[in-house]
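> Sequence first, predicted coordinates after that:
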Amino acid sequence: MNKALHSIITMAAAALFATLLSLPAHAGSEGFGDYQVHWSVLPSTFLTAETAKTNNLQRSKGIGIVNISIMQKNESGILQPVTGQVEGKVSNDIQQVKFLAFRRIQEGDSVYFIAQYQYASAELMTFNITARPVGHGKDLQVRFAHTLFND
């Protein structure tokens, strides 16, 4: 993958750390036996203009990015990314629902699923995500909520 895409992935990892330091970004994970679903949510303005353009992402106030990864423990107990399919929807506090169009991004062994969505500043958004790892017979469903604020 190109360097700009690597920047997105790096920024998503930074968003994980940012949750410890500030309110604008949010990250978490949920376990399902040998599988884990990891997520991060951040304003698209966290991306550089170059990264957004290179990866055909809209960078604007009111546009958020949700990043999902599916991880599986190997025989040594180490988490490794796996491919699959991710779908989901996001709703605001008055139950307006929007379906998320996830794109799979693979860089080396890393696999991410990224979607953009619209939000109003300070609006609580609830995400309902279904991850389907290849070779696993069950859906992995996670639900989380977060509020983003415009810069």
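Nice, thanks for sending it over.

> So, low pLDDT: which residues of the protein?
Residues of the chain meeting the criterion pLDDT under 70: 1-25, 151.

> any chance you could map the helices in it?
Secondary structure of the chain (DSSP state H): helices at 3-21, 49-54.

> which residue is nearest the centroid of this structure?
In the chain, the residue lying closest to the centroid (Cα atoms, centre = their mean) is residue 67, at 1.3 Å.

> That one bridge partners, please.
Residue 67 has these beta-bridge partners by DSSP bridges: residue 40, residue 114.

> Likewise for residue 36?
Under the criterion used (DSSP bridges), residue 36 bridges to residue 31, residue 71.

> tally of neighbours for it?
Using other Cβ atoms under 10 Å, residue 36 has 18 other residues around it. (C-beta placed from N, C-alpha, C; glycine too.)

> how far away is it from residue 60?
31 Å (Cβ to Cβ, to the nearest Å).

> With just CA atoms, put stretch 93-100 into PDB.
The C-alpha coordinates for stretch 93-100 follow below in PDB (Å, rounded to 0.1, in the frame of the first residue of the first chain):
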ATOM      1  CA  ASP A  93     -30.000  10.400  19.600                       C
ATOM      2  CA  ILE A  94     -33.300  10.800  17.800                       C
ATOM      3  CA  GLN A  95     -32.900   7.400  16.100                       C
ATOM      4  CA  GLN A  96     -32.100   8.600  12.600                       C
ATOM      5  CA  VAL A  97     -30.200   5.600  11.100                       C
ATOM      6  CA  LYS A  98     -27.600   5.700   8.400                       C
ATOM      7  CA  PHE A  99     -25.900   2.600   6.900                       C
ATOM      8  CA  LEU A 100     -22.100   2.600   6.800                       C
END
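
> from the chain's centre, how far out does that stretch sit?
Chain-centre distance of stretch 93-100: 17 Å, with Cα atoms, centre = their mean, to the nearest Å.

> Just the residues contacting that stretch, thanks.
Counting contacts by Cβ atoms under 8 Å, 6 or more residues apart in numbering, the residues outside stretch 93-100 that touch it are 66, 87-91, 115, 117-118, 123-124, 127, 129.

> For this structure, which segments are assigned as strands?
Taking DSSP state E as the test, the strands found in the chain are 26-32, 35-43, 63-73, 79-82, 84-91, 97-100, 103-107, 110-118, 124-133, 140-147.

> Now distance to residue 56 too, for these, in CSV please.
Output for the strands of the chain, formatted as CSV (distance: least, Cβ to Cβ, whole Å):
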stretch, distance to residue 56
strand 26-32, 24
strand 35-43, 17
strand 63-73, 13
strand 79-82, 22
strand 84-91, 18
strand 97-100, 16
strand 103-107, 9
strand 110-118, 10
strand 124-133, 22
strand 140-147, 24
